[in-house]
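Visitor: model this:
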Amino acid sequence: MLGFGKMDENYFEIMFEKLCSALKTEGEVERLSEQFRKLTSDCDRVNYLTKLKSVAEIVQLPECSRSDGKKSLQKSFQLRSDGNKFFKAKNFTAALQNYTKSLAASPLPSNLEITTTTENSLSLAFANRSAVLVHLNEQQLAINDVENSFSLGYPKDLAYKLHDRKARCLFTMGDKSSAKQSFQDTLDSLENSQLDEKSRQKWRNDIEKEIAKCENCLAKPREKQQPVVPPSKRDSVLPTFSCGNNPIFLSLSSACDVKYEPGRGRFIAASRDILPGEVLLVEKPYAAIVLAEHYTNHCYHCFLYTLAPSFVCPACSLVLYCSEKCQVLSQDTYHKFECPILAAVQESGVDRFAYLALRTLASTPISRLLDYRKAVECGQYPAKGGSFVGCNQFGIYTADNYHAICSLVTHAGDRNVHDLFRRGVIAILLLRCLQQSDYFASVGPDELSDVQSYIGGLLLSHLQSFPCNAHEVSEFALDENSVAKSLPHELGAGIYATLSLFNHSCDPAASRNFYADVCVVRAIKSVRSGCEVSDNYGAVFAVQPRAERLDKLQPQYFFDCSCEACINGWPTLSELKSGPPRWRCSGCDTPVHGSASDAAVLCSNCGLQQDLSQNLKELVKSDKKYRRAFGRLLNCEVTEALPDLLNHLATMDRLICLPWMDYSCCQEAVKQCFSIMANCYVKFGGKRGF
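Guide: Numbering: from 1, shown residues only. Just a heads-up that it's a prediction; the model follows:
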């Protein structure tokens with residue numbers, strides 16, 4: 001099991017092995033397995049396990065060794081000291097991370113008793129981080145940290161350094177008037193410094209020269225100056241539908257609908273012809289989690305890349321936010337429950353699906369869950385099949401509807417007893433987490449046992465459905481000097497009600513990207529009306545042979561893929577021979593056999609006459625535009641490159657049969673464009689701007 005936190009040993013694995021050994025020693029395995037196998041509901045399974053003596057004794061949360069994630073002046077000081085060492089060694093990335101951790105670990109001023117011998121660690125951490133940000137050419141972020149440091153009581157005898165830093169940032173950004181004022185503030189604050197008179201006079205002379213520079217610039221005729229774009233700055237605009245959304249499945253485009261077939265389940269189909277590049281889905285997650293390794297530079301709530309986050313949890317030292325809005329939303333919903341147990345969750349070694357299941361329930365008020373339970377028992381959510389499973393009482397399928405999440409397939413019938421037992425133990429461990437928080441505070445003592453069994457059952461249900469339905473939330477790490485080799489990486493995981501309805505193909509019709517935590521799905525090939533719009537679950541024909549793809553899909557998703565690439569045995573790109581394409585019949589879509597110079601070729605399947613010479617001319621013309629567009633992409637000119645790349649895909653969809661090397665290459669270029677337009681940060685050292 002892939003651990004959520006980093007540990008020398010996986011706590012859960014050790015605990016689970018201990019539990020299994022205890023049951024074997026007691027000679028109970030066979031009897032318990034038989035009884036457990038007969039249980040049909042997740043609530044009953046959890047209730048059964050909680051009553052076992054061995055489970056009650058062994059399945060407990062770890063005693064955390066990291067001060068339970070609490071704030072600590074000593075920890076904050078040590079992290080800042082480590083940051084100083086990295087800064088002196090010019091390892092600015094490590095210095096930045098340690099200063100940010102120092103901020104998160106520092107007690108807030110309202111909780112900190114400041115004496116003449118006690119440093120204001122929060123103020124000093126902001127000040128030190130501002131120096132790193134200057135070296136990273138992040139002037140506005142440096143100014144923000146300077147102002148935060150002053151607001152938190154930065155020592156007056158050192159204030160001249162911060163005023164000078166702010167002034168130089170403003171000058172670099174082109175704001176000479178504000179820079180002049182900040183240089184003047186530097187001069188004024190020198191009077192409070194502990195510098196000797198010689199050093200103080202040297203500072204005065206240097207600052208007066210900077211003020212003169214500002215005055216000279218202000219006296220000259222104003223020239224239009226290009227704003228300085230920070231290296232990491234990426235403004236992503238959330239895409240919208242070109243023709244409105246589906247009236248029932250609100251996160252879907254009106255170009256799509258949800259269909260159902262027995263044995264196949266629900267899937268997304270085109271309700272009209274779809275062209276490459278069309279936005280097909282825009283959806284917020286019901287719940288999503290950021291992986292712990294990204295806490296210092298991504299918002300804990302919305303996933304936004306935040307190089308220098310300034311908003312922290314008032315109580316724990318683990319999480320940071322991009323804004324006060326995200327901080328408040330998080331604290332008011334799920335983090336008030338997670339805060340006292342987050343360190344234990346990380347120490348436990350459970351995987352991201354388990355943490356996502358915990359977040360899903362922590363995000364849902366228990367009163368809402370109990371109302372949902374009553375509604376289900378009263379038949380307000382009829383157990384009807386078909387496309388509309390998961391809709392609310394009004395027949396609408398929304399991203400924030402808990403019923404939609406509960407209606408996702410669990411494959412409980414495909415799982416063996418050991419699998420269900422293991423997930424049941426994880427559910428109990430997560431239930432222990434909620435029990436140690438205030439999650440059940442509103443539940444009366446007479447109802448507590450029953451309610452906890454119900455919540456445990458929900459956790460177990462999510463632990464089964466999320467590995468099949470949750471999605472990785474990713475971000476693109478852009479190296480502007482090597483765009484073609486830039487790759488996405490995982491930020492976390494989310495559960496998306498509508499996204500989960502897309503089925504898999506090894507040659508998918510769509511790709512997904514993320515804007516903060518919002519998922520956007522776009523078409524990457526033409527899809528005719530009535531045909532399925534497929535996603536990809538991580539097994540792509542272009543890079544993995546069929547046997548390898550099946551080995552990946554079966555254990556997690558419980559199906560054998562029967563897409564066109566699998567049925568027809570398409571080769572991987574490394575096996576695919578370069579050469580002329582197979583021409584597509586414009587009447588029946590089957591391959592047309594003939595020379596590209598032939599003006600009149602009959603389709604052997606439908607008999608329609610084809611002009612392959614005209615097809616070749618059209619393809620060559622489109623290919624020239626594609627190659628120019630590809631060059632623009634390599635220069636990060638995404639806006640200019642994308643239209644010709646998409647047009648080339650549409651042209652090839654009309655003219656050729658897959659697989660073809662050039663088609664796959666063009667498709668990958670389009671996906672790179674989409675990635676750069678979505679969650680994306682620029683690696684330090686690259687060129688500036690887009």
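Visitor: in this protein, where is pLDDT below threshold?
Guide: For the chain, the stretches flagged by pLDDT under 70 are 1-9, 64-68, 110-119, 222-235, 382-385, 684-690.
Visitor: mind doing that once more with 80?
Guide: 1-9, 64-68, 109-119, 221-236, 382-385, 577-578, 596-599, 683-690 (pLDDT under 80).
Visitor: centroid-nearest residue for it?
Guide: Geometric centre of the chain, nearest residue: V473, 2.7 Å, by CA atoms, centre = their mean.
Visitor: now do the SS call for that one.
Guide: The three-state assignment at V473 reads strand, by DSSP: H, G, I helix; E, B strand; the rest coil.
Visitor: what's opposite it in the beta bridge?
Guide: In this entry, V473 is beta-bridged to G492, by DSSP bridges.
Visitor: right, and it touches L499 too?
Guide: No: under the criterion of CB atoms under 8 Å, V473 is not in contact with L499, lying 10.9 Å apart. C-betas here are computed from N, CA, C, even on glycine.
Visitor: quickly list what's touching both of these two.
Guide: Common contacts of V473 and L499 (CB atoms under 8 Å, 6 or more residues apart in numbering): C519.
Visitor: if we can go back for a sec, quick one, what contacts the residue nearest to the centre of the chain?
Guide: By CB under 8 Å, 6+ apart, the contact set of V473 is P285, A288, F303, E490, L491, G492, A493, G494, F514, D517, C519, N679.
Visitor: and what of A523?
Guide: I274, L275, P276, G277, E278, L280, A509, A510, V533.
Visitor: for N469, same thing?
Guide: N469 sits in contact with L408, V409, I495, S500, where contact means CB under 8 Å, 6+ apart.
Visitor: buried ones in the longest helix along the chain, by neighbour count?
Guide: Assignment by DSSP state H gives helix 445-469 as the longest helix of the chain. Residues of helix 445-469 classed as buried under the neighbour-count rule (16 or more other CB atoms under 10 Å) are 451-469.
Visitor: how about stretch 72-82?
Guide: Here stretch 72-82 shows S72, L73, K75, S76, F77, L79, R80, D82 as buried, counting by 16+ other CB under 10 Å.
Visitor: so which of these are in helices?
Guide: L73, K75, S76, F77, L79, R80, D82.
Visitor: so after the one helix or strand L122 maps to, what's the next helix or strand?
Guide: In the assignment (DSSP states H and E), L122 maps to helix 121-135. Counting by DSSP H and E, the next helix or strand C-terminal to helix 121-135 is helix 139-151.
Visitor: how far out from the middle of the chain is that next one?
Guide: Centre-to-centre, helix 139-151 and its host chain are 28 Å apart (CA atoms, centre = their mean, to the nearest Å).
Visitor: quick one: contacts of it?
Guide: Counting by CB under 8 Å, 6+ apart, 123-124, 126-127, 129-131, 133-134, 159, 162, 165-166, 169-170, 172-173, 228, 230, 307-308, 310 sit against helix 139-151.
Visitor: and F476, what element?
Guide: Secondary structure assignment for F476, by DSSP H and E: strand 471-478.
Visitor: what residues sit buried inside that strand?
Guide: Result for strand 471-478 [16+ other CB under 10 Å]: buried residues H471, E472, V473, S474, E475, F476, L478.
Visitor: cool, stretch 277-290 as well?
Guide: Using 16+ other CB under 10 Å as the test for burial, stretch 277-290 gives 277-290.
Visitor: and of those, the nearest to L108?
Guide: L108 has its nearest neighbour among these in V290, at 21.9 Å by CB to CB.
Visitor: what count of nearby residues applies to C256?
Guide: For C256, the count of nearby residues is 29 (other CB atoms under 10 Å).
Visitor: I'd assumed I268 was in contact with it.
Guide: Yes: look at C256 against I268 with CB under 8 Å: they come within range, at 5.3 Å.
Visitor: give me the common contacts of the two.
Guide: The contact lists of C256 and I268 share L280, V533, where a contact means CB under 8 Å, 6+ apart.
Visitor: what's near enough to touch R423?
Guide: R415, L460, L463, Q464.
Visitor: what ranges do the helices span in the stretch 351-500 of the chain?
Guide: If DSSP state H, counting those that start in this stretch is used as the criterion, the helices of the stretch 351-500 of the chain fall at 352-362, 366-377, 402-406, 417-436, 445-469.
Visitor: re earlier: wait, which of the ones in helices among the buried residues of stretch 72-82 is closest to E17?
Guide: Closest to E17, out of all of those and judged by CB to CB, is K75, at 32.7 Å.
Visitor: burial count for the residue nearest to the closest one when sequence neighbours are not counted?
Guide: Computed as CB to CB, 6 or more residues apart in numbering, the closest residue to K75 that is not its neighbour in sequence is A105, at 4.4 Å. For A105, the count of nearby residues is 27 (other CB under 10 Å).
Visitor: let me see the contact set for A105.
Guide: K71, S72, K75, S76, L79, S317.
Visitor: could you rerun that using 10 Å?
Guide: Listed by CB atoms under 10 Å, 6 or more residues apart in numbering, the contact set of A105 reads 67, 69-80, 121-122, 125, 312, 316-318.
Visitor: same thing with T40?
Guide: A412, G413.
Visitor: that one: what secondary structure?
Guide: coil.
Visitor: could you measure from I426 over to L19?
Guide: Counting by CB to CB, to the nearest Å, the gap from I426 to L19 is 11 Å.
Visitor: coming back round to it: the contacts of N469: which two are farthest apart?
Guide: Spatial extent of the contacts of N469 (CB to CB) is set by the pair V409 and I495 at 12.9 Å.
Visitor: which one's more surrounded, the two?
Guide: Comparing V409 with I495 by other CB under 10 Å, the one with more neighbours is I495, at 26 against 17.
Visitor: just checking, the more buried one touches D400?
Guide: No: here I495 lies out of contact with D400, judged by CB atoms under 10 Å, at a distance of 11.5 Å.
Visitor: need the residues touching each of these two.
Guide: Contacts common to I495 and D400, judged by CB under 10 Å, 6+ apart, are P285, Y286.
Visitor: thinking again about what came up before, distance to T93 added to the ones in helices among the buried residues of stretch 72-82, as a markdown table?
Guide: Listed next are those as a markdown table, based on distance: CB to CB, whole Å:
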| residue | distance to T93 |
| --- | --- |
| L73 | 25 |
| K75 | 21 |
| S76 | 20 |
| F77 | 21 |
| L79 | 15 |
| R80 | 16 |
| D82 | 13 |
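Visitor: picking that back up, and of the buried residues of strand 471-478, the nearest to D560?
Guide: Closest approach to D560 among the buried residues of strand 471-478 (CB to CB): H471, at 21.5 Å.
Visitor: gap between that closest one and Q393?
Guide: 27 Å.
Visitor: what of E564?
Guide: 39 Å.
Visitor: pick out whichever of these two has more residues nearby.
Guide: Neighbours per residue, other CB under 10 Å: of E564 and Q393, the larger number sits with E564, 14 against 10.
Visitor: skipping adjacent residues, who's closest to that one in space?
Guide: Leaving aside its sequence neighbours, E564 sits nearest to D507 (CB to CB, 6+ apart; 6.3 Å).
Visitor: and the one you found, what element?
Guide: Per DSSP H and E, there is no helix or strand for D507.
Visitor: neighbours around it, how many?
Guide: D507 - counted by other CB under 10 Å - has 21 other residues nearby.
Visitor: wait, it touches E532, no?
Guide: No: taking contacts as CB under 10 Å, D507 lies outside contact range of E532: 11.6 Å.
Visitor: what's the overlap in contacts for these two?
Guide: Contact with both D507 and E532 is made by residues C563, according to CB under 10 Å, 6+ apart.
Visitor: so N647 makes contact with R628?
Guide: No: using CB under 10 Å as the test, N647 is too far from R628 to be in contact (11.9 Å).
Visitor: and the two? which has more neighbours close in?
Guide: Counted by other CB under 10 Å, N647 and R628 do not tie: N647 has more neighbours, with 17 against 12.
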